[in-house]
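*Asks:* Structure for this input, please:
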Amino acid sequence: MKRLTLAPNLALATLWADMLAAEGVPCRVLRAHICAIAGEVPPDQSQPEIWVLDAAELDRARQLLEELRHAPHQHWACPGCQEIIDGPFSQCWNCGTDMPPLAAG
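*Replies:* Below you'll find the model as predicted:
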């Protein structure tokens, strides 16, 4: 087991761990509730950590996490309701329609 990163909060730690697991990289969030003692210990010791269970997957996990942290910014019109979607989103916030595939070109 190897530590991948510190997360700024439990919500992001859990989200990142779940997304990595969905890509086939099993991981665990440790120190999940340590933020309760923030201020009593140094800031770098009061953040949750994400640990990769298989040390051989560490480099792949780093690459996937980098991609998750820097999702591409997109601008598209929803084919369902014509709402303009801006940002790294792949689903319409208004009606739930998935982003259409990018045109080949």
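
*Asks:* what helix or strand is residue 64 on?
*Replies:* helix 58-69 (DSSP states H and E).

*Asks:* Run through the residues that contact the most centrally placed residue in the chain.
*Replies:* Nearest to the mean C-alpha position of the chain, by CA atoms, centre = their mean, lies residue 16 at 3.6 Å. Counting by CB atoms under 8 Å, 6 or more residues apart in numbering, residue 16 touches 5, 7, 50, 65, 68. Using the backbone N, CA and C atoms, a C-beta is placed for each residue, glycine as well.

*Asks:* Can you go through the residues you listed and name the buried ones?
*Replies:* For the contacts of residue 16, a neighbour count by 16 or more other CB atoms under 10 Å gives the buried set as 5, 7, 50, 65.

*Asks:* now, which of the residues you listed lie within helices?
*Replies:* Among the buried ones among the contacts of residue 16, the ones falling in helices (DSSP state H) are residue 65.

*Asks:* Just the ones of the buried ones among the contacts of residue 16 in strands?
*Replies:* Within the buried ones among the contacts of residue 16, residues falling in strands by DSSP state E are 5, 50.

*Asks:* Beyond the helix holding residue 64, next helix or strand please.
*Replies:* Past helix 58-69, the next helix or strand by DSSP H and E is strand 74-77.

*Asks:* Please spell out which residues along the next helix-or-strand element following that next one are buried.
*Replies:* Counting by DSSP H and E, the next helix or strand C-terminal to strand 74-77 is strand 84-87. Applying a neighbour-count criterion of 16+ other CB under 10 Å, one finds residue 85 buried in strand 84-87.

*Asks:* how far is strand 84-87 from where the chain is centred?
*Replies:* 19 Å (CA atoms, centre = their mean, to the nearest Å).

*Asks:* Tell me who's in contact with residue 98.
*Replies:* For residue 98, counting by CB under 8 Å, 6+ apart, the contacting residues are 90, 91, 92.

*Asks:* That should have said residue 67, apologies.
*Replies:* Per CB under 8 Å, 6+ apart, neighbours of residue 67: none.

*Asks:* Residue numbering should commence at 47 henceforth.
*Replies:* Right, with 47 as the first residue, what we last looked at is residue 113.

*Asks:* Next up, the contacts around the nearest residue to residue 145 once chain neighbours are set aside.
*Replies:* Leaving aside its sequence neighbours, residue 145 sits nearest to residue 136 (CB to CB, 6 or more residues apart in numbering; 4.6 Å). By CB under 8 Å, 6+ apart, the residues touching residue 136 are 120, 144, 145.
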